[in-house]
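**Student:** dropping a prediction and its sequence here:
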Amino acid sequence: MPALLESSSEFIVKASGIRKRHVLDKAGILDPGIMCPRLPERPDSALSIMAEICVAASRQALSAAELKPAEIDGVIVGCGNLQRPYPAMAIEVQGALGIEGYGLDMNVGCSSATYAIQVACGLIAGGARAILICNPEILTAHVSFRDRDSHFIFGDACTAIVVERSGPVRAPNSWDIVSCKLKSQFSNNIRNNFGFLNRTAPEGMGRRDKLFMQNGRKVFKEVVPLVAHFVQQHLAENGLSPASLKRMWLHQANSNMNALIAHKVLGRAATPAEAPSVLGEYANTASAGAVIAFNQYSADLAPGDVGLLCAFGAGYSAGSVILRKLN
């Protein structure tokens with residue numbers, strides 16, 4: 001077998017835009033004998049680690065929205081990989097925060113946050129006052145750090161947002177959800193075959209496909225035109241032109257991919273202010289990435305400005321949310 005080309009930090013930055021990342025456990029990842037985060041199992045009586053980071057992010061989101069747990073009617077936890085199938089993580093988060101009502105989990109890979117926003121809008125249309133959305137992404141636990149094609153891609157993060165019924169605007173940096181649009185198209189080019197049925201086929205338990213796998217070149221080639229057309233279509237359906245967008249908060253997977261999608265949507269190269277990137281600081285955090293970009297690069301826009309939150313990934317799946325700033 002021919003020797004692999006030498007890798008370097010410079011190559012990673014050029015190929016992806018990633019300079020560093022935040023992880024829950026650095027020691028296990030950097031140990032050559034482990035090369036995996038080590039997160040001790042907790043007793044059932046203790047708050048699970050995924051619920052713990054959801055609760056921390058949720059408290060920040062509730063504070064920013066100037067809402068109390070009693071004003072939230074439901075919790076949605078959406079992410080690329082859930083810690084367990086049941087009880088739902090959302091119900092555990094709901095209990096830890098003291099929220100009455102209901103909770104549900106959902107998984108649409110990196111598009112989970114945008115899909116959850118659409119679900120939250122539907123729940124509010126059905127009578128809910130406010131829905132809390134959490135996106136806990138412990139991605140370093142589902143990647144092989146021995147795979148040179150993907151070991152550098154992911155970081156760990158958790159985001160939370162509140163979607164509430166229209167009414168008097170209280171909290172600063174509030175946005176109106178103009179429209180949501182979802183799309184999915186089956187592809188095997190991003191896949192993770194880990195699941196409860198693995199134990200029924202023990203001969204495959206150690207196979208590489210039980211962790212994150214992707215055909216990066218095909219993903220790039222196929223996802224860029226799919227998402228660019230999807231966004232253009234969504235804007236047109238709402239009587240908006242690409243030129244009306246003040247900002248695009250795109251899924252933070254690869255800086256080159258985002259630059260090309262933005263170019264195709266706008267018909268020209270986007271400036272860093274028009275399509276900001278947080279990859280250099282956080283790496284790919286799946287469904288949390290676009291929300292982090294929104295959180296860091298939205299307060300400076302003026303009331304009436306229109307922006308677009310768009311995430312895409314395994315499935316293929318894509319979710320687009322058109323937003324108009326209220327204050």
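**Tutor:** Structure received. Computed from a prediction, not measured in an experiment: that's the story for all the values here.

**Student:** contacts, neighbours, all on C-alpha from now
**Tutor:** OK.

**Student:** pLDDT of whichever strand or helix holds V13, averaged?
**Tutor:** Here V13, judged by DSSP states H and E, is contained in helix 9-16. Taken as a whole, helix 9-16 carries a mean pLDDT of 88.

**Student:** starting at the chain centroid, how far to it?
**Tutor:** Its chain's average C-alpha position is 22 Å from that of helix 9-16, according to Cα atoms, centre = their mean, to the nearest Å.

**Student:** how about stretch 157-172?
**Tutor:** 17 Å.

**Student:** low-confidence stretches in this protein?
**Tutor:** 1, 4-5 (pLDDT under 70).

**Student:** which residues in the protein form strands?
**Tutor:** With DSSP state E, the ranges of strands along the chain come out as 74-78, 102-106, 130-138, 156-164, 175-184, 190-191, 213-214, 245-250, 306-313, 317-325.

**Student:** show me what counts as buried in the longest one.
**Tutor:** Within strand 175-184, the residues that qualify as buried by neighbour count (16 or more other Cα atoms under 10 Å) are 175-177, 179-183.

**Student:** I'd like the residues you listed as CSV, with distance to S7 appended.
**Tutor:** CSV is the format used below for the buried residues of strand 175-184 (distance: Cα to Cα, whole Å):
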residue, distance to S7
W175, 43
D176, 45
I177, 43
S179, 43
C180, 40
K181, 39
L182, 37
K183, 36
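
**Student:** before we move on, the earlier item: could you dump the strands of the chain to TSV with distance to A46?
**Tutor:** Output for the strands of the chain, formatted as TSV (distance: least, Cα to Cα, whole Å):
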stretch	distance to A46
strand 74-78	19
strand 102-106	19
strand 130-138	18
strand 156-164	19
strand 175-184	36
strand 190-191	31
strand 213-214	32
strand 245-250	35
strand 306-313	32
strand 317-325	34
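
**Student:** in contact with the residue minimising distance to the centre of the chain, which residues?
**Tutor:** Closest to where the C-alpha atoms of the chain average out (Cα atoms, centre = their mean) is S287, at 0.8 Å. Each residue near S287 by Cα atoms under 8 Å, 6 or more residues apart in numbering is listed here: 78-80, 109-114, 135, 137, 251, 311.

**Student:** buried subset of those residues as a PyMOL selection?
**Tutor:** Applying 16+ other Cα under 10 Å to the contacts of S287, the buried members can be selected in PyMOL as follows:
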select buried, resi 78+79+80+109+110+111+112+113+114+135+137+251+311
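
**Student:** return the list of helices and strands in contact with the lengthiest helix in the chain.
**Tutor:** Longest helix of the chain, by residue count under DSSP state H: helix 216-237. If contacts are counted by 3 or more Cα pairs under 8 Å, 6 or more residues apart in numbering; DSSP states H and E, helix 216-237 sits against helix 255-266, strand 317-325.

**Student:** how about the ones you listed in CSV, adding mean neighbour count and distance to D305?
**Tutor:** Shown next, in CSV, are those (neighbours: other Cα atoms under 10 Å; distance: least, Cα to Cα, whole Å):
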stretch, mean neighbour count, distance to D305
helix 255-266, 20, 16
strand 317-325, 24, 5
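
**Student:** adding distance to P85, write those out as CSV.
**Tutor:** Putting those into CSV (distance: least, Cα to Cα, whole Å) gives the following:
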stretch, distance to P85
helix 255-266, 32
strand 317-325, 21
